[in-house]
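Peer 1: what would the 3D arrangement of this be:
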Amino acid sequence: MTETPLLEVENVTKVYMVGAGVTALHKVSLSIPPGVLAVVTGPSGCGKSTLLHLMGGLDRPTFGEIRLAGVPYSSLSPSRLARLRRKEIGFIFQQFHLVPELLAWENVALPMFLMGKGRREAEERARYLLRRVGLAGRADHYPHELSGGEQQRVAAARALANEPRILLADEPTGNLDSQNAAQLLDLLEEFHRMGQTLLIATHDPSVVERAQWRIHLKDGQVQKVETFS
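Peer 2: Residues are numbered from 1 along each chain as shown. Okay, here's the model as predicted:
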């Protein structure tokens, strides 16, 4: 019996209307089952970040369809898509995107506040997640008081705040030294062992070697998909 896909990308094309138009993705189709650790690889400019942004509902495809747990994004209004994104999808960006005026725990709690959770519940879960990523003692520090590796772990904790079905990470080790990168990868693998579905766009060979699925892009198209047990 075939497992129902968690995330489906069907014949997706993305054209950015700059000058004559730039085709970032061309007729991409993928079907991601739940519980896998997958990476998207390929040269710079091949469409990795664009694909993740479309999968996460941060942008809309020019043509084609994306579905999460069977729900087509095209059927959702902007407000409903934003709510689905906040609840079902976690993001880890290369640049961290922490709010400088908020403490670490407040940054982690922010997605929960946006979902309407009360302060006590949100703070309790935020501090729990910071303990899980090894930052219990840094919860009441501002981003500028944290190292790059610590900021990235705060971002990872924030991505899990609303218990998303899928975690998307765009070059998460790109701004980290080798030690902090290895710590982050160990953390992501721990999330995966707990049942989290991960999709990571990366150039980093140390990330690629840990993946169960390897999706290779070139010139905006899927060249091949490799799977490993």
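Peer 1: quickly find the element holding the residue nearest in space to the middle of the chain.
Peer 2: Note on the chain: the residue nearest the mean C-alpha position is L168, at 1.5 Å, using CA atoms, centre = their mean. Per DSSP states H and E, L168 falls inside strand 166-170.
Peer 1: show me what that strand is packed against.
Peer 2: helix 48-55, strand 89-93, helix 178-193, strand 197-201 (3 or more CB pairs under 8 Å, 6 or more residues apart in numbering; DSSP states H and E). All C-beta atoms are positioned from the backbone trio N, CA, C, and that covers glycine.
Peer 1: angle of the third one against strand 89-93?
Peer 2: What it means is helix 178-193. Interaxial angle of helix 178-193 relative to strand 89-93 (axes from the mean of the first three to the mean of the last three CA atoms, to 10 degrees): 170 degrees.
Peer 1: list the buried ones in helix 178-193?
Peer 2: Across helix 178-193, burial judged by 16 or more other CB atoms under 10 Å covers 180-181, 183-185, 187-188, 191-192.
Peer 1: what strands line up against the strand holding L168, and which way round?
Peer 2: strand 89-93 (parallel), strand 197-201 (parallel) (DSSP bridges).
Peer 1: for those, which one ends up most surrounded?
Peer 2: Among the strands paired with strand 166-170, strand 197-201 has the highest mean neighbour count (mean count of other CB atoms under 10 Å), at a mean of 25.
Peer 1: list the contacts of the next helix or strand after it.
Peer 2: The first helix or strand that comes after strand 197-201 along the chain, using DSSP H and E, is helix 205-208. When contacts are defined by CB atoms under 8 Å, 6 or more residues apart in numbering, helix 205-208 is touched by residues 39, 41, 172-173, 181-182, 185, 200, 202, 214.
Peer 1: now swap in stretch 96-114 and tell me
Peer 2: Contacts for stretch 96-114 (CB under 8 Å, 6+ apart): 86, 119, 121-123, 125-127, 129-130, 135, 138-144, 146, 148, 151-152, 154-155, 157-158, 161-162, 175.
Peer 1: for that stretch, list every residue counted as buried.
Peer 2: Within stretch 96-114, judged by 16+ other CB under 10 Å, the buried ones are 96, 98, 103-112.
Peer 1: and that stretch, C-alpha only, in CSV?
Peer 2: Coordinates of each C-alpha in stretch 96-114 appear next as CSV, following Å, rounded to 0.1, in the frame of the first residue of the first chain:
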residue,chain,number,x,y,z
PHE,A,96,18.0,33.4,11.3
HIS,A,97,15.5,36.3,11.0
LEU,A,98,15.2,36.8,14.8
VAL,A,99,13.5,39.9,16.1
PRO,A,100,16.3,41.9,17.7
GLU,A,101,13.9,43.6,20.3
LEU,A,102,12.7,40.3,21.6
LEU,A,103,14.3,37.9,24.1
ALA,A,104,15.2,34.4,22.9
TRP,A,105,12.1,32.9,24.4
GLU,A,106,9.9,35.6,23.0
ASN,A,107,11.3,34.9,19.5
VAL,A,108,10.4,31.3,19.9
ALA,A,109,7.0,32.2,21.3
LEU,A,110,6.1,34.6,18.5
PRO,A,111,4.5,32.0,16.1
MET,A,112,2.4,30.9,19.0
PHE,A,113,1.3,34.4,19.8
LEU,A,114,0.3,34.8,16.1
